[in-house]
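A.B. asks: predicted model and sequence below, questions to follow.
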Number of protein chains: 4
Amino acid sequence: MATIPPKVIIGVMGGGSASAEAVEKAYRLGKLIAARGWVLLNGGRRAGIMEASARGASEDGGLTVGVLPDDNRRHQSPHIQIPILTGMGSARNYVNVLSSDVVVACPGGAGTISEVSLALKHGRPVVLLDFDLGAIFPAYVESGQLQWVATPEEAVAAVEAFLKLAS
Amino acid sequence: MATIPPKVIIGVMGGGSASAEAVEKAYRLGKLIAARGWVLLNGGRRAGIMEASARGASEDGGLTVGVLPDDNRRHQSPHIQIPILTGMGSARNYVNVLSSDVVVACPGGAGTISEVSLALKHGRPVVLLDFDLGAIFPAYVESGQLQWVATPEEAVAAVEAFLKLAS
Amino acid sequence: MATIPPKVIIGVMGGGSASAEAVEKAYRLGKLIAARGWVLLNGGRRAGIMEASARGASEDGGLTVGVLPDDNRRHQSPHIQIPILTGMGSARNYVNVLSSDVVVACPGGAGTISEVSLALKHGRPVVLLDFDLGAIFPAYVESGQLQWVATPEEAVAAVEAFLKLAS
Amino acid sequence: MATIPPKVIIGVMGGGSASAEAVEKAYRLGKLIAARGWVLLNGGRRAGIMEASARGASEDGGLTVGVLPDDNRRHQSPHIQIPILTGMGSARNYVNVLSSDVVVACPGGAGTISEVSLALKHGRPVVLLDFDLGAIFPAYVESGQLQWVATPEEAVAAVEAFLKLAS
């Protein structure tokens, strides 16, 4: 049998606590990622944007990878099929962004901002979904590496454009 | 649709260079892991035990995760479907073993021995496949956490016994 | 002989490339840190804010620790006395901030912003020295964990106030 | 004032629990390291070989660096002057060995064996102090990178020989 080709991996970042609207958008984003056959990668915990995006993808048959800060599965979302236990706390944020072909950042706090920063520094395209950070990264906005969108549908369209550029 | 449950993850460790016999056994081990529906996780590179085990699993429709030391895909095996780029060199060995329900260690050098050590320290069962290290870990042999087998078929039987114990 | 007590460690973050004015301020900051008997910790490379702050401290007899992204000393500043080689790329940013009693952030790019973010998330006080990021962290400005100053002298005064609070 | 040159860093590894004899040897080793003006680097905790070696060095005016697995100072030895908080669990073992010019390994368990393995893999000379692991690393014994000694005095002589080779 022919070997299965590497999959496209889309990172979804965002807060462990989030507004109902942000959670709803993350859930829909997860569904759209699954529909395209992409792997959804996130921080893996049973909370906020992580839980919502994994649930959306997993319910529709999508593959979900969670890169956890923990060395055990206690806080793992049940919608994560492949938990990567790093035992490295927030150092795992670096792994999250390196492993993503494109990063979609939903609203979050300082942890999410660290992931956007690391993604930009290491050349990953970033789509901000209803999350306004453009003002602190003007050079990346200008180069097009950092984009802002309002809806999950627009986020997925932006991801597709980035993937086309890279292929 | 119902969400997909978390998968069983079997770590396969071993040298970046390996004898023809060890490579052949790793390849067969990969096939047996795929046949059981387990995810195969290894170091992800296009070399030695990593390449052989990923090829075996991937050719038979198994899912393969590679936790790479690199921050890019240059050395990635084409048989890895989900590359986790850590950019952390050998610090990723810790991630490999934490993320594995059971570790199977094929012949390797100092890097593989570090993975066996870390797996034992952090409570992961370890099956040594034709790789003789028992003498330095007598307490783990006695407790049963560390076992030695000669063939891929025996390795998979040992893995199954460990999984039964844990469930 | 009595044992030597743990030292106060001040992290100095900032860009690998920086304006002449920012470099001059980082150099003066290094001198002020050395004068107070604090250890200066930074990213350890021979570039920008790292080089300038280490040079300032080291020339005045201060102790300097560099937490490098590299697994070797090729890019190490000659003004770093204790190089910690992490081999972990930007994952070392997490180590930088956890190890600092207080973080002073000089102007920098996405890497520096990731360090400010991680420091705030993990409870470390942050002094922004002539580096304007306040708008994205309003809650931390309000709580007082994040402060903005214009000069190295003011930065050191802010550090002293934070250290008094913690003792 | 002239800048202070980089210091020689000697890593001392070993178990968190250890026999009275091993603890006594680690304590004497710490004193000998301090007497030569080298920095002692270890795992930083208040236990076993870590505590003993740091106490020996620190009591005699030596500088001690502890690379801790933790993200806080709760388990830190009071004899560590410069705690590096990694928050990375056993992934910090990699940092320990990369940062050491020479590694001295005292008796320990699986964690210590992982450090010896990583040190050898990444080119660091290793002196085994009364700790018998030679049989699993025959190639490194033959090349001279791995040596066995019985006393702290012999360990320091072996370290000096390695440092001369490297300079």
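C.D. replies: Yes, it's here.
A.B. asks: can you list the residues of chain A near chain C?
C.D. replies: A:88-91, A:93-95, A:109-111, A:113-114, A:117-118, A:120-122, A:133, A:135-137, A:140 (C-beta under 8 Å from any C-beta of the partner chain). In short, each C-beta sits where N, CA and C put it, glycine included.
A.B. asks: give the ChimeraX command for selecting the buried subset of these.
C.D. replies: In ChimeraX syntax, the buried subset of those is picked out as below (16 or more other C-beta atoms under 10 Å in any protein chain shown):
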select /A:88,89,90,91,93,94,95,109,110,111,113,114,117,118,120,121,122,133,136,137,140
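A.B. asks: near chain D, list only the ones from the residues of chain A next to chain C.
C.D. replies: A:88-91.
A.B. asks: could I get the residues you listed as a markdown table with pLDDT and secondary structure?
C.D. replies: As requested, these are exported to a markdown table (pLDDT from 0 to 100; DSSP: H, G, I helix; E, B strand; the rest coil):
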| residue | pLDDT | secondary structure |
| --- | --- | --- |
| A:88 | 98 | coil |
| A:89 | 98 | helix |
| A:90 | 98 | helix |
| A:91 | 98 | helix |
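A.B. asks: looking at these, which one is closest to residue C:147?
C.D. replies: residue A:90 (22.1 Å; C-beta to C-beta).
A.B. asks: contact partners for the closest one?
C.D. replies: Taking C-beta atoms under 8 Å, 6 or more residues apart in numbering or on different chains, we find residue A:90 in contact with A:69, A:111, A:114, C:94, C:118, C:121-122, D:87.
A.B. asks: and with 10 Å instead?
C.D. replies: Applying C-beta atoms under 10 Å, 6 or more residues apart in numbering or on different chains to residue A:90 gives the contacts A:43, A:69, A:110-111, A:114-115, C:91, C:93-94, C:97-98, C:114, C:117-118, C:121-122, D:71, D:87-88.
A.B. asks: follow-up on the earlier one: and the two most separated of the ones next to chain D among the residues of chain A next to chain C?
C.D. replies: With C-beta to C-beta as the measure, no two of those lie farther apart than A:88 and A:90, at 7.8 Å.
A.B. asks: skipping adjacent residues, who's closest to residue A:121 in space?
C.D. replies: residue C:110 (4.0 Å; C-beta to C-beta, 6 or more residues apart in numbering or on different chains).
A.B. asks: and what of residue A:120?
C.D. replies: Distance criterion C-beta to C-beta, 6+ apart; nearest residue to residue A:120, sequence neighbours excluded, is residue C:110 at 4.5 Å.
A.B. asks: ditto for residue A:76
C.D. replies: residue A:83 (5.2 Å).
A.B. asks: list the contacts for the one you found?
C.D. replies: Residues in contact with residue A:83 (C-beta under 10 Å, 6+ apart) are A:44-45, A:64-68, A:70, A:72-73, A:76-77, B:6-7, B:9, B:98-99.
A.B. asks: can you flag which of those belong to helices?
C.D. replies: Under the assignment DSSP state H, those contribute residue B:98 to helices.
A.B. asks: for chain A, what helix or strand is lowest in average pLDDT?
C.D. replies: Across the helices and strands of chain A, mean confidence by mean pLDDT, DSSP states H and E is lowest for helix A:138-143: a mean of 94.
A.B. asks: next secondary structure after that helix?
C.D. replies: Counting by DSSP states H and E, the next helix or strand C-terminal to helix A:138-143 is strand A:146-149.
A.B. asks: can you show me the CA trace of that next one as PDB?
C.D. replies: The C-alpha atoms that make up strand A:146-149 are tabulated as PDB, following Å, rounded to 0.1, in the frame of the first residue of the first chain:
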ATOM      1  CA  LEU A 146       0.100  38.700   9.900                       C
ATOM      2  CA  GLN A 147      -3.600  39.100   8.900                       C
ATOM      3  CA  TRP A 148      -6.800  40.000  10.700                       C
ATOM      4  CA  VAL A 149     -10.200  38.500  10.000                       C
END
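A.B. asks: show me what it is packed against.
C.D. replies: Counting contacts by 3 or more C-beta pairs under 10 Å, 6 or more residues apart in numbering or on different chains; DSSP states H and E, strand A:146-149 packs against strand A:102-105, helix A:110-121, strand A:126-129, helix A:138-143, helix A:152-166.
A.B. asks: can I get the ones you listed in CSV with distance to residue C:149?
C.D. replies: Below are the helices and strands packed on strand A:146-149 laid out as CSV (distance: least, C-beta to C-beta, whole Å):
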stretch, distance to residue C:149
strand A:102-105, 29
helix A:110-121, 20
strand A:126-129, 29
helix A:138-143, 23
helix A:152-166, 38
